[in-house]
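A.B. asks: whatever this is, show me its structure:
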Amino acid sequence: MQIRIIPEDIDARSRAWLRLYQKWYTIHYVIGIAGIVSSVTVAARPQFVSGIPYFLEILAWMSSIAIALLAFLAPIRKAKVYANAWRLITDACGRYKHDDSVPTEKLYDAMKRGEGLIGGSDAWS
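C.D. replies: The predicted structure follows:
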């Protein structure tokens, strides 16, 4: 049995969905960590920052902005949608490559289902 080649448009879509999943996942954690660090610093009011003018006020605003971004962008929700779409197409590609009875149409069906997941959510790139 020979491994079949995935059509380029399917492969490109799979790679794009993986990148978007990774992008939104990273955005979620970067914003979340920034919000946590800034809010904890404001709440703790450590002695070493007391001499820096407006530092705690700036951190308080940063924390508020981070929470607002997490709420309005919902990056973890977008990451999950792209991850699910990517898993659908990756599974179909694996079956296609190693099972000669799987027709090419199954790949396009999986891509269509993935696009349906993305389109049915508020995920955007």
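A.B. asks: average pLDDT for stretch 8-19?
C.D. replies: Rounded to a whole number, the mean pLDDT of stretch 8-19 is 98.
A.B. asks: now stretch 77-96
C.D. replies: Stretch 77-96 shows a mean pLDDT of 97.
A.B. asks: that stretch: how far from the chain's middle?
C.D. replies: Remark: stretch 77-96 is offset 12 Å from the chain centroid, using Cα atoms, centre = their mean, to the nearest Å.
A.B. asks: what of stretch 60-76?
C.D. replies: Between the centre of stretch 60-76 and the centre of its chain there are 16 Å (Cα atoms, centre = their mean).
A.B. asks: equivalent analysis for stretch 54-69, please.
C.D. replies: With Cα atoms, centre = their mean as the basis, stretch 54-69 stands 24 Å off its chain's centre.
A.B. asks: any idea how far Asp109 is from Tyr96?
C.D. replies: Note on Tyr96: its distance to Asp109, by Cβ to Cβ, to the nearest Å, is 11 Å. To be clear about C-beta, it is placed using only N, CA and C from the backbone, and glycine gets the same treatment.
A.B. asks: before we move on, what about Arg45?
C.D. replies: Arg45 sits 57 Å away from Asp109, taking Cβ to Cβ as the criterion.
A.B. asks: ok, the two, which is more surrounded?
C.D. replies: Asp109 (13 against 9; other Cβ atoms under 10 Å).
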